[in-house]
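In: sequence unknown, structure follows:
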């Protein structure tokens, strides 16, 4: 089962922020004039393919609800659930129990940890004995956060905050859990960190996965300033992939989800881009729609099958763009002599550059035809011709170079 639900804890008072949070919920702290912190979290979660997002609100909940309740963000439906009395992080989750899926992503609303979320969900989806999995980060100073002890991939202990704690693993504020953990919640108020996680650790049912992505907790004025400095106008590299013949075997107008067959190394290539912090975007001509060979719905089912298989393997595609137009289309709706989206025209790539925060200079396209490379050139990005064979081995050096440049830019 692919995890499709995410829960964000947004009910805290933000006492360490003092006057800054007196009339504004901590997750609604402004990053720049157009964006608040929670906007960033929602973007990150939605782009990983989570379709149902619950915001568990408490303090100043009306402001959270006014901004987000009922919205759709990159295809994800957002709902705001308001607790009637302060119940702590675990109590807020217990309050939402009737709405929870069997497995769900859980994120702190004041923390951004830039990791491949699908690597985390795959851990618990593949092991029925796990009740949860936490994303962990190694820091040189754990005194502000407390530390986490792991053994053979399991979290076995948590240590409270201590001055001069030094280097250690910390909880990155992101986890994936089974709904059954709510059996660990006793009387309210109850804390996930103090009451639930230690019980799971003692039972050896809590996995811990270490990640190296960008991490920020906006709980103090200094860290909020740091977030504004780092995240305002933030851009990512993107790898654009043609679809048929690059990601999946091309049987001629491929459209049946049950016949989908990955190119060797394609999943590994996508996951490598995910792990590097880059965006994965598919741009594909699908003239079979215009020719009457299949329907738009068939293309969408095909892409859904790709996404589900990728999620099970700890990977994801951020967006699909496809062009059904053709000069000889049977249906006049799809007939066009030279549609701007049909490669070698660059329309799909240009639309993606408008839709997503992409660093053009660090982005490139991988295709198996000269028309793909030409579309990239017209859009102002590099184009690589895939010669066949193993996709990951073919483009790994390029992905690694982009990842290194992106990491330097973030630091």
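Out: The structure has been received and is ready for your questions. The model shown is predicted, which means the values in this text are computed figures rather than measured ones.
In: drop to CA atoms for contacts and neighbour counts, all remaining ones
Out: Fine.
In: For burial, what's the neighbour tally of the closest residue in space to residue 15 that isn't next to it in sequence?
Out: Of all residues beyond its chain neighbours, the one nearest residue 15 is residue 21 (7.2 Å), with distances taken as Cα to Cα, 6 or more residues apart in numbering. Residues lying near residue 21 (other Cα atoms under 10 Å) number 17.
In: Residue 128 too?
Out: With other Cα under 10 Å as criterion, residue 128 counts 11.
In: now do residue 184
Out: Quick note: residue 184 (other Cα under 10 Å) scores 16 neighbours.
In: does it really touch residue 194, like I thought?
Out: No: counting by Cα atoms under 8 Å, residue 184 does not reach residue 194; the two are 11.2 Å apart.
In: Just the element for residue 303, please.
Out: helix 296-312 (DSSP states H and E).
In: So which bits of that helix are buried?
Out: Neighbour-count burial for helix 296-312 flags 299, 302-303, 305-312 (criterion: 16 or more other Cα atoms under 10 Å).
In: what do you get for stretch 82-95?
Out: 82-83, 86-95.
In: longest helix of the protein?
Out: helix 391-410 (DSSP state H).
In: Identify the residues contacting it?
Out: 214, 230, 236-237, 246-247, 263-269, 272-273, 276-278, 362-363, 386 (Cα atoms under 8 Å, 6 or more residues apart in numbering).
In: Recalculate using a threshold of 6 Å.
Out: Applying Cα atoms under 6 Å, 6 or more residues apart in numbering, the contact partners of helix 391-410 are 265-266, 268-269, 276.
In: out of the residues you listed, which are inside helices?
Out: Here DSSP H is the test, and those give 266, 268-269, 276 as lying in helices.
In: Lowest-confidence entry in those?
Out: Lowest pLDDT among these: residue 276, with 93.
In: Torsion angles phi and psi at residue 145?
Out: phi -110, psi -20 (degrees, to the nearest 10).
In: What count of nearby residues applies to it?
Out: There are 19 residues near residue 145, going by other Cα under 10 Å.
In: And the pLDDT for it?
Out: With respect to pLDDT, residue 145 has a value of 82.
In: Quick check: it vs residue 367, distance?
Out: For residue 145, the distance to residue 367 equals 45 Å [Cα to Cα, to the nearest Å].
In: Tell me the buried residues in the helix or strand bottoming out on mean pLDDT in the chain?
Out: Least confident helix or strand of the chain, by mean pLDDT, DSSP states H and E, is helix 391-410 with a mean of 85. For helix 391-410, the neighbour count (16+ other Cα under 10 Å) marks 391-392, 394-396, 399, 402-403, 406 as buried.
In: okay, those residues in TSV with distance to residue 380 next?
Out: TSV is the format used below for these (distance: Cα to Cα, whole Å):
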residue	distance to residue 380
391	23
392	24
394	22
395	19
396	22
399	18
402	16
403	20
406	19
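In: Report the secondary structure element holding residue 282.
Out: Residue 282 belongs to strand 279-285, assigned by DSSP H and E.
In: neighbours around residue 384, how many?
Out: 20.
In: So, low pLDDT: which residues of the chain?
Out: 161-166, 409-411 (pLDDT under 70).
In: Check the spacing between the most centrally placed residue in it and residue 30 real quick.
Out: In the chain, the C-alpha nearest the mean C-alpha coordinate belongs to residue 48, at 3.2 Å (Cα atoms, centre = their mean). Residue 48 is 23 Å from residue 30, where distance means Cα to Cα.
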